[in-house]
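Visitor: A predicted structure for the sequence below; I have some questions about it.
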Amino acid sequence: MPVLYPLLAVLIWAANTIVSKAAAGVVDPAAISFYRWLLAAVVLTPFCARPLWRQRGAVLAQWRPFAVLALLGMVMYQCLAYYAAHSTSATNMGVIGALVPMLGLILNVGVFRQPVGAQAVTGVVVSLLGVLYLLGRGEPANLFDGGINHGDVLVLAGATAYALYNILYRRWALPFGQWLNLYVQVLMAVVMLVPLAMTAHTLAVPAKGIGLVVYAGIASSIAASYLWMQGLKRIGSERTAVLMNLMPVFTAGMAAVMLGETVHGYHWIGGGLVLLGVSLAQGIVRLPIGRSGLSAR
């Protein structure tokens, strides 16, 4: 079943959210951001270096799309989580990550001028209300009194980057096969992350951080990325992105068991509104309203 590809990717990424939180205070965020993609490059090189060399001319001609995808999907989406984990919970990270489908809808409308129906607009509004409720920790006034948590903003920025990644990956359809597409993006991400690595307080990885880097570099960076790209190719960006709805469910469960995090009432309410809004926007749940489209122009 094609749907299993992105479903397994979401499960791996939910576990990686736990890894990101566990890595806070153990490995410098700049260091683990760099090492995970460096490890991925090392693992992929024996299998992908020769195919890349054979198609080097064609790949080089597409370096701009590859660079944009690497920046959005590897550098921004994946690495911002390590910085966010220092100031927000894994549960929050999972709930905000579920916004990827809704953010993709907004980008498709605002940037690519796709028409959107009244139900989709309703879904966007409901999701935004859920996010505001979550970010305010159940008290909307908190947004004005104490401001929004810095870590939550970073997760939201990363989710927006990944929503755009999903759209562009599907639209550009780079013709080199899934493994080579992934390998080129990984190589570019390593180059892009060198300056960030130079800002790390220390590049040393303690013994208890080795497993975290290995999981991030192999399971999350290689296996999940490949599975997700297979989903984009086989069932499309919109249907694939819907499975992000399961991210907060998987993450909250793992965070409670592995990190001892408490799931508060505002997580249930805010997360529920996010999931309801995304389901409305994607047509999983339907409202008895007209189907006439609203032009984005």
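Guide: Ah, there it is.
Visitor: Can you show me the strands along the protein?
Guide: Using DSSP state E, the strands of the chain run over residues 116-117, 293-294.
Visitor: How much space separates the residue lying closest to Trp179 once chain neighbours are set aside from Ala223?
Guide: Nearest residue to Trp179 in three dimensions, chain neighbours excluded: Cys48, at 5.8 Å (Cβ to Cβ, 6 or more residues apart in numbering). The C-beta positions use only the backbone N, C-alpha and C, and glycine is treated the same way. Relative to Ala223, Cys48 is positioned 15 Å away (Cβ to Cβ, to the nearest Å).
Visitor: Between those two, which is the more surrounded one?
Guide: Between Cys48 and Ala223, counted using other Cβ atoms under 10 Å, Cys48 has the larger neighbour count: 21 against 14.
Visitor: measure the more buried one to Gly260 for me?
Guide: Counting by Cβ to Cβ - Cys48 and Gly260 are separated by 40 Å.
Visitor: Mind checking the pLDDT average for stretch 225-242?
Guide: Averaged over stretch 225-242, pLDDT sits at 78.
Visitor: how near is Ala15 to Gly94?
Guide: 11 Å.
Visitor: Mind listing the shared neighbours of these two?
Guide: Residues touching both Ala15 and Gly94 (Cβ atoms under 8 Å, 6 or more residues apart in numbering): Phe250.
Visitor: of the two, who's got more company?
Guide: Gly94 (27 against 18).
Visitor: The more buried one reaches Gly253, doesn't it?
Guide: No - under the criterion of Cβ atoms under 8 Å, Gly94 makes no contact with Gly253, lying 9.4 Å away.
Visitor: ok, longest helix in this structure?
Guide: If you go by DSSP state H, the chain has its longest helix at helix 29-54.
Visitor: Which positions within it qualify as buried?
Guide: Within helix 29-54, the residues scored as buried using 16 or more other Cβ atoms under 10 Å are 29-41, 43-44, 48, 52.
Visitor: Stretch 224-241 now?
Guide: 224-233, 235, 237-241.
Visitor: Where does pLDDT dip in the chain?
Guide: Filtered on pLDDT under 70, the chain yields the residue ranges 116, 135, 137, 140-148, 237-238, 241-242, 245, 281-285, 287-297.
Visitor: what distance separates the start and the end of stretch 174-183?
Guide: 13 Å (Cα to Cα, to the nearest Å).
Visitor: same question, stretch 75-89
Guide: 21 Å.
Visitor: Flag every buried residue along that stretch.
Guide: Residues 75-85, 88-89 are the ones in stretch 75-89 that count as buried (16+ other Cβ under 10 Å).
Visitor: Also stretch 183-203?
Guide: Going by neighbour count (16+ other Cβ under 10 Å), the buried part of stretch 183-203 is 183-190, 192-193, 197, 200.
Visitor: Looking at those, which is nearest Met102?
Guide: Met102 has its nearest neighbour among the buried residues of stretch 183-203 in Gln185, at 24.4 Å by Cβ to Cβ.
Visitor: tell me the contacts of Ala224?
Guide: Per Cβ under 8 Å, 6+ apart, neighbours of Ala224: 8-9, 12-13, 16.
Visitor: let's see it at 7 Å
Guide: 9, 12-13 (Cβ atoms under 7 Å, 6 or more residues apart in numbering).
Visitor: Equivalent analysis for Leu164, please.
Guide: Taking Cβ under 7 Å, 6+ apart as the test, what Leu164 contacts is 72, 107.
Visitor: And it, how far from Val68?
Guide: 9 Å.
Visitor: How about Phe176?
Guide: Computed with Cβ to Cβ, the distance linking Phe176 and Val68 is 15 Å.
Visitor: next one: Leu193
Guide: Using Cβ to Cβ, Leu193 is found at 15 Å from Val68.
Visitor: same check, this time on Val125
Guide: In this view, Val125 and Val68 are 30 Å apart by Cβ to Cβ.
Visitor: Pick out whichever of these two has more residues nearby.
Guide: Between Val125 and Val68, Val68 has the larger neighbour count (other Cβ under 10 Å), namely 17 against 14.
Visitor: tell me the contacts of the more buried one?
Guide: Leu168.
Visitor: Once you drop chain neighbours, what's closest to Met24?
Guide: Careful, residue 24 is Ala; it's not Met. The shortest distance from Ala24 to any non-neighbouring residue, by Cβ to Cβ, 6+ apart, is to Ala85 (4.3 Å).
Visitor: mind listing what Leu103 touches?
Guide: 159-160, 163.
Visitor: Mind checking which of those land in helices?
Guide: Short answer: those in helices (DSSP H) are 159-160, 163.
Visitor: for those residues, which one is nearest Leu273?
Guide: Nearest to Leu273 out of the ones in helices among the contacts of Leu103 is Ala159 (Cβ to Cβ; 16.0 Å).
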